[in-house]
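# please find the sequence and the predicted model below.
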Amino acid sequence: MSDTQRAARRYVAPAAGKIKARVLEAIRAAGSYGLTDHEIAERLGAYETTSRSKRIALRDEGEIIDSGRRRRGPRGVGMIVWIARQTKQQAGGPACPRCGSTRHVDVVVHAGRSTRRDCARCGRFLAFARWHESEEKSGGPADKATNGAET
C-alpha cells in the first residue's frame, strides 16, 4: 500500500464508521417496513454505492437481514427490503404454552407473503402474524388439515 493510500484510509475511516451507523439507524427507524438500498441512499442523501457498501458490512456482521420481501426500485426491478435483526424479535403478547416466555420472533415465510410468529426462547410455533391472502381465501392451513393432507 502506498503512502497516499494509507493517508486516504486514515482520512476516510472516521467518516465510514459514521455512515455505517447512519445506515443502521435508518433501517432501524424504518422498523418492519424496512428499506431497499435505493431508499437508504435517499434517506441519507448519499450515493447508492456508498450506502450499499455499508449495508453489506452490516449484513455480514449480522446487524441486518433480508426481510424476504421485495419492492420495485426506480428502474422497476425488485430490490431486497432490509430490516434490522432486532425488528424480528419483540416482547408482549400471550405467553408461550411450552415455556411461558412472552417474547416472540416474527419469521418471514412464503417469499415474504406470510409471517409466522414463534417463541423467541424455545422456538415453538405460536400463530401466523400475517397469512398470504390468496391461500387464506382458497383454503389455508386449516382447510388442508381437514382434507386429510399430510404435512
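Now that the structure is in, tell me what you want to look at.
# break down this structure into its strands, ranges please.
Using DSSP state E, the strands found in the chain span residues 64-72, 78-84, 89-91, 103-109, 114-119, 125-130.
# name the residues of the second one that come out as buried.
Looking back up the chat, that one is strand 78-84. Met79, Ile80, Val81, Trp82, Ile83, Ala84 (16 or more other Cβ atoms under 10 Å). Yep, even glycine has a C-beta here, placed from its N, CA and C like the rest.
# give me the angle between that strand and strand 103-109.
Orientation of strand 78-84 against strand 103-109 (axes from the mean of the first three to the mean of the last three Cα atoms, to 10 degrees) gives an angle of 170 degrees.
# contacts for strand 78-84, please.
Strand 78-84 is contacted by residues 24, 27-28, 30-38, 40, 55, 59, 63-67, 69-73, 112 when judged by Cβ atoms under 8 Å, 6 or more residues apart in numbering.
# with the longest one instead?
Residues from elsewhere that reach strand 64-72 (Cβ under 8 Å, 6+ apart): 24, 27, 32, 34, 36, 39, 55, 58-59, 78-85, 88, 108-109, 111-112.
# isn't Ser114 up against Trp131?
Yes: at 5.3 Å, Ser114 and Trp131 qualify as touching, with contact defined as Cβ atoms under 8 Å.
# neighbour count winner among these two?
More crowded of Ser114 and Trp131, by other Cβ atoms under 10 Å: Ser114, with 20 against 17.
# could you find the closest non-adjacent residue to the more buried one?
His132 (4.8 Å; Cβ to Cβ, 6 or more residues apart in numbering).
# likewise Phe125?
Using Cβ to Cβ, 6+ apart and skipping residues adjacent in sequence, the residue nearest Phe125 is Asp118, 5.7 Å away.
# list the contacts for the one you found?
Asp118 neighbours (Cβ under 8 Å, 6+ apart): His104, Val105, Val107, Arg124, Phe125, Leu126.
# neighbour-wise, which of those leads?
Highest count within these by other Cβ under 10 Å belongs to His104, 23 neighbours.
# leaving out chain neighbours, which residue sits closest to that one?
Counting by Cβ to Cβ, 6+ apart, His104 lies nearest to Arg117, which is 5.1 Å off, once chain neighbours are set aside.
# that neighbour: neighbour count?
Arg117 has 17 nearby residues by other Cβ under 10 Å.
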